[in-house]
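1. Quick one: sequence and predicted model below, then my questions.
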Amino acid sequence: MATPANTAASQPAKQPKQRRSGAFKRIMANKYLYIMLAPVIAYFIIFEYKPMYGAIIAFKNFNPYQGIWDSPWAGLKHFYHFFDSYYFWRLLKNTLLISMLSLVIIFPASIIFALLLNEVRSKYYKTFVQTMSYLPHFVSLIVICGMVIDFTSPNGIINRMIVSLGIASEPINFLILPEWFRSIYIGSGLWQSIGWNSIIYLAALAGINPSLYEAAVVDGASRWKQMLNVTIPGILPTILILLILNIGSLMSVGWDKIILLYNSATYETADVISTFVYRRGIMEADYSFSAAVGLFNSVINFTLLILANRVSRKTTESSLW
């Protein structure tokens with residue numbers, strides 16, 4: 001006959017089996033959801049996590065003929081070389097300036113645009129404005145940069161306007177002047193992305209309970225007061241999440257657009273970390289050095305993401321995790 005001690009001793013052995021059985025039942029109950037999720041997991045494993053193995057070449061003198069493992073170790077040599085290089089502070093400054101300007105100008109502009117659209121009562125006018133603001137996002141980046149080059153050329157429409165209006169006495173070749181590059185980059189980025197970026201805010205605005213506006217009207221709140229006390233608080237969690245994600249990519253300025261617009265005359269203000277990696281890694285085939293620079297960039301972005309999320313979690317109720 002089993003004693004209570006023997007019964008109690010047998011319980012812990014059964015619990016893991018019961019947990020496994022419960023987990024299996026939950027998986028089988030939601031098997032179709034897991035099947036739908038499988039391609040997404042496979043995509044991230046194959047295209048996002050597996051390539052991270054190649055980051056090891058940042059610590060080696062990589063030779064394509066020897067392969068990753070057989071190439072000799074270099075330690076932190078490439079990192080020291082980058083930190084001591086003549087271009088380090090210029091690259092860091094340009095990357096941070098362009099990223100911060102994009103964050104300060106383009107990010108709030110999308111929110112303001114969504115708030116303005118939300119106040120439009122004419123359905124047809126609102127649809128027209130939305131459609132026109134979305135169109136630049138679907139135009140190829142090469143076409144966008146080609147338009148920017150044509151518009152800012154000495155014979156372009158911008159020079160014709162400023163000369164005819166007496167703002168300038170002669171045409172200005174904007175793209176060879178370093179002081180104009182950031183303005184052109186941010187301005188074209190604003191035009192290209194403001195409509196598309198506003199979609200998620202419009203979706204968040206659609207989710208606000210209409211009874212809150214009705215209560216505000218009963219209390220005598222004007223349209224401005226309704227926006228301040230109902231609309232903005234309603235989309236604030238969405239704003240914070242996107243702000244965290246933007247801060248997490250602060251050091252990742254897209255190299256493709258800059259390469260299409262810059263030239264050696266504008267390196268002073270246009271050259272960023274990603275374009276430097278492109279030139280050293282692809283054009284000069286210095287794979288280890290470019291991998292070290294890219295890894296440094298990724299570590300900084302990851303650190304900024306963690307810090308921004310922690311600050312948001314401590315100061316508000318919104319965070320990524």
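-> Perfect, thanks for sending it.

2. From now on I want contacts and neighbour counts done on CA atoms only, so please keep to that.
-> Will do.

3. all strands of this structure, in order?
-> In the chain, no strands are defined using DSSP state E.

4. quick one: low-confidence parts of this protein?
-> Within the chain, the ranges that satisfy pLDDT under 70 run 1-21.

5. Give me the domain ranges for it.
-> 18-70, 77-315 (automatic domain parsing).

6. deepest of the ones you listed, which one?
-> Stretch with highest mean neighbour count among the domains of the chain: domain 77-315 (a mean of 17; mean count of other C-alpha atoms under 10 Å).

7. End to end on that one, go ahead and measure it.
-> Terminal residues of domain 77-315 lie 40 Å apart, using C-alpha to C-alpha, to the nearest Å.

8. between the domains of the chain, which one is nearest to residue 321?
-> Judged by C-alpha to C-alpha, the one of the domains of the chain that comes nearest to residue 321 is domain 77-315, at 7.7 Å.

9. Quick one: distance of the closest one to the chain centre.
-> Domain 77-315 sits 9 Å away from the centroid of its parent chain (C-alpha atoms, centre = their mean, to the nearest Å).

10. quick revisit: dump the domains of the chain to JSON lines, plus distance to residue 321.
-> Converted to JSON lines, the domains of the chain look like this (distance: least, C-alpha to C-alpha, whole Å):
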{"stretch": "domain 18-70", "distance to residue 321": "19"}
{"stretch": "domain 77-315", "distance to residue 321": "8"}
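
11. gap between the residue lying closest to residue 246 once chain neighbours are set aside and residue 90?
-> Distances taken as C-alpha to C-alpha, 6 or more residues apart in numbering put residue 103 closest to residue 246, at 7.3 Å, once the chain neighbours are dropped. Using C-alpha to C-alpha, residue 103 is found at 20 Å from residue 90.

12. got the residue ranges for the helices in the stretch 201-321 of the chain?
-> 210-218, 223-226, 232-248, 255-261, 267-270, 273-278, 287-315 (DSSP state H, counting those that start in this stretch).

13. Can I get these in JSON lines including distance to residue 179?
-> Shown next, in JSON lines, are the helices of the stretch 201-321 of the chain (distance: least, C-alpha to C-alpha, whole Å):
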{"stretch": "helix 210-218", "distance to residue 179": "46"}
{"stretch": "helix 223-226", "distance to residue 179": "38"}
{"stretch": "helix 232-248", "distance to residue 179": "25"}
{"stretch": "helix 255-261", "distance to residue 179": "14"}
{"stretch": "helix 267-270", "distance to residue 179": "7"}
{"stretch": "helix 273-278", "distance to residue 179": "18"}
{"stretch": "helix 287-315", "distance to residue 179": "25"}
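
14. Out of those helices, flag the one nearest residue 62.
-> Across the helices of the stretch 201-321 of the chain, residue 62 has its closest neighbour in helix 287-315 (5.7 Å, C-alpha to C-alpha).

15. relative to helix 232-248, how tilted is the closest one?
-> Helix 287-315 runs at 150 degrees relative to helix 232-248, counting by axes from the mean of the first three to the mean of the last three C-alpha atoms, to 10 degrees.

16. packing partners for helix 287-315?
-> helix 77-83, helix 232-248, helix 273-278 (3 or more C-alpha pairs under 8 Å, 6 or more residues apart in numbering; DSSP states H and E).

17. Nearest to residue 167, out of those helices?
-> Among the helices and strands packed on helix 287-315, the nearest to residue 167 by C-alpha to C-alpha is helix 273-278 (33.8 Å).

18. what's the closest of the helices of the stretch 201-321 of the chain to residue 81?
-> For the helices of the stretch 201-321 of the chain, distance to residue 81 was read as C-alpha to C-alpha. The smallest value, 8.3 Å, belongs to helix 287-315.

19. about what we covered before: quick one, which of the helices of the stretch 201-321 of the chain gets closest to residue 138.
-> Smallest distance to residue 138 across the helices of the stretch 201-321 of the chain (C-alpha to C-alpha): 14.9 Å, for helix 255-261.

20. Any figure for the gap between the residue nearest to residue 246 and residue 164?
-> Distance from residue 103 to residue 164, counting by C-alpha to C-alpha: 34 Å.

21. Looking at the helices of the stretch 201-321 of the chain, spot the one closest to residue 146.
-> Per C-alpha to C-alpha, nearest to residue 146 of these: helix 255-261, 8.4 Å.

22. got the CA coordinates for the closest one in CSV?
-> Extracted as CSV, the C-alpha positions of helix 255-261 are listed here (Å, rounded to 0.1, in the frame of the first residue of the first chain):
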residue,chain,number,x,y,z
TRP,A,255,23.1,54.5,-48.1
ASP,A,256,21.2,54.0,-51.4
LYS,A,257,19.6,57.4,-51.6
ILE,A,258,22.8,59.2,-50.4
ILE,A,259,24.9,57.4,-53.0
LEU,A,260,22.5,58.4,-55.7
LEU,A,261,22.6,62.1,-54.7
